[in-house]
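Novice: Coordinates only, no sequence provided:
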């Protein structure tokens, strides 16, 4: 697990790594952004809660993950949702700490969003 490690950044090549897990726990770190290759990960559940994220990669919703936990970050806007967002089954507790988030109009409210 990579949660509770005070990580400030992730390597750009993180998306190239072969993760043998169905979930990636990166909560309770100090991440303020994610590398572009992050969207190449094929993991079912990604926890990024309790970090300092201010932005997400523009193609964040193309990830092959089914669920995300982005709660308690510093996000104020989300990237636009495209047709590929149909793969997202649940995006919950999006921003309990920042209820003023600007969500793209096409969002269905029933859906909850080291070195190499």
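Specialist: Now that the structure is in, tell me what you want to look at. Predicted model only: the values in this text are computed from it and were never measured. Numbers count the residues shown, from 1 in each chain.
Novice: What count of nearby residues applies to residue 13?
Specialist: Residues lying near residue 13 (other C-beta atoms under 10 Å) number 12. The C-beta positions use only the backbone N, C-alpha and C, and glycine is treated the same way.
Novice: What of residue 76?
Specialist: Counted by other C-beta under 10 Å, the residues lying close to residue 76 total 12.
Novice: now swap in residue 34 and tell me
Specialist: Counted with other C-beta under 10 Å, residue 34 comes out at 22.
Novice: Okay, the residue nearest to residue 5 when sequence neighbours are not counted and residue 4: tell me how far apart.
Specialist: Distance criterion C-beta to C-beta, 6 or more residues apart in numbering; nearest residue to residue 5, sequence neighbours excluded, is residue 29 at 5.8 Å. Using C-beta to C-beta, to the nearest Å, residue 29 is found at 7 Å from residue 4.
Novice: neighbour count winner among these two?
Specialist: Neighbour count, other C-beta under 10 Å: between residue 29 and residue 4, residue 29 has more, with 22 against 12.
Novice: follow-up on the earlier one: do you know the pLDDT at the residue nearest to residue 5?
Specialist: We have a pLDDT of 97 for residue 29.
Novice: Helix, strand, or coil at it?
Specialist: coil (DSSP: H, G, I helix; E, B strand; the rest coil).
Novice: got any ranges where this protein has weak pLDDT?
Specialist: 81-116 (pLDDT under 70).
Novice: Tell me where it has helices.
Specialist: Here the chain has no helices by DSSP state H.
Novice: before we move on, the earlier item: for the residue nearest to residue 5, give me its contacts.
Specialist: Residues near residue 29 by C-beta atoms under 8 Å, 6 or more residues apart in numbering: 2, 3, 4, 5, 6, 7, 8, 50, 51.
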